[in-house]
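Engineer: based on what follows, work out the 3D shape:
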Amino acid sequence: MPNSDNTFGTFNKQTVIYSQIDDGSTAWTVFSNVNEAKAFFLSTELQTIHDECCTNLQYGLKADANGDNTILKVTFDFGTKGSASQVAADDWAEQFNTRKNALSSAPNMASLQTITESDSSEHLF
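Structural biologist: Below is the predicted model:
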C-alpha cells in the first residue's frame, strides 16, 4: 500500500508503460487482470518499492493494436516526508530511484519494452 505523505502535496508524477516486444517467435501473453500483468513485468521487489515509496499509485491494463490486454500502465507520484532537516536522499522519490537502481534485474527483460512518460496527458490519475 502506498505511503500517505501528502501533507505538502505530491511531486514527480510519472507514467510508465510496460509492453512486450514482438520478436516474431513468441506469442504475446494476454492478461486477464492487473495482478497477472504486474507479476509478468515487475519483480516482487519492484512491486514492493512501488508500494513503499509512492504516495499515489495506480495500475491499469492497456490493449494492444489487436485489442488484447498485453500492456501494463502504471502512474505514480511521491509525497515528501516534509521535515525541515529532511535529507533529499532519504525522501520518497530518491529512495524509489536508489532502490530501483539497486535491483539486479527485472523479469522478462529480453521481451520487455519500457516507456516512461513524465509529461503524459494520459496519466491514470
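Engineer: give the rounded mean pLDDT of the one helix or strand N12 maps to.
Structural biologist: Assigned by DSSP states H and E, N12 belongs to strand 11-20. For strand 11-20, mean pLDDT is 88.
Engineer: next secondary structure after that strand?
Structural biologist: helix 34-41.
Engineer: which elements pack onto that next one?
Structural biologist: strand 56-63, strand 69-78 (3 or more CB pairs under 8 Å, 6 or more residues apart in numbering; DSSP states H and E). Backbone N, C-alpha and C define where each C-beta goes, glycine included.
Engineer: between strand 56-63 and the helix or strand just after that helix, find me the angle.
Structural biologist: As assigned by DSSP H and E, the chain's next helix or strand after helix 34-41 is helix 44-53. Interaxial angle of helix 44-53 relative to strand 56-63 (axes from the mean of the first three to the mean of the last three CA atoms, to 10 degrees): 130 degrees.
Engineer: what about the protein, any weak spots by pLDDT?
Structural biologist: 83-87, 104-120 (pLDDT under 70).
Engineer: repeat that for 90
Structural biologist: 1-9, 14, 16-28, 40-46, 80-91, 100-125 (pLDDT under 90).
Engineer: what are the bridge partners for the residue most central in space within it, then?
Structural biologist: With distances taken as CA atoms, centre = their mean, the residue of the chain nearest its centroid is V74 (4.7 Å). Beta-bridge partners recorded for V74 (DSSP bridges): V16, Y59.
Engineer: contacting residues around it?
Structural biologist: 15-16, 18, 50, 57-60, 124 (CB atoms under 8 Å, 6 or more residues apart in numbering).
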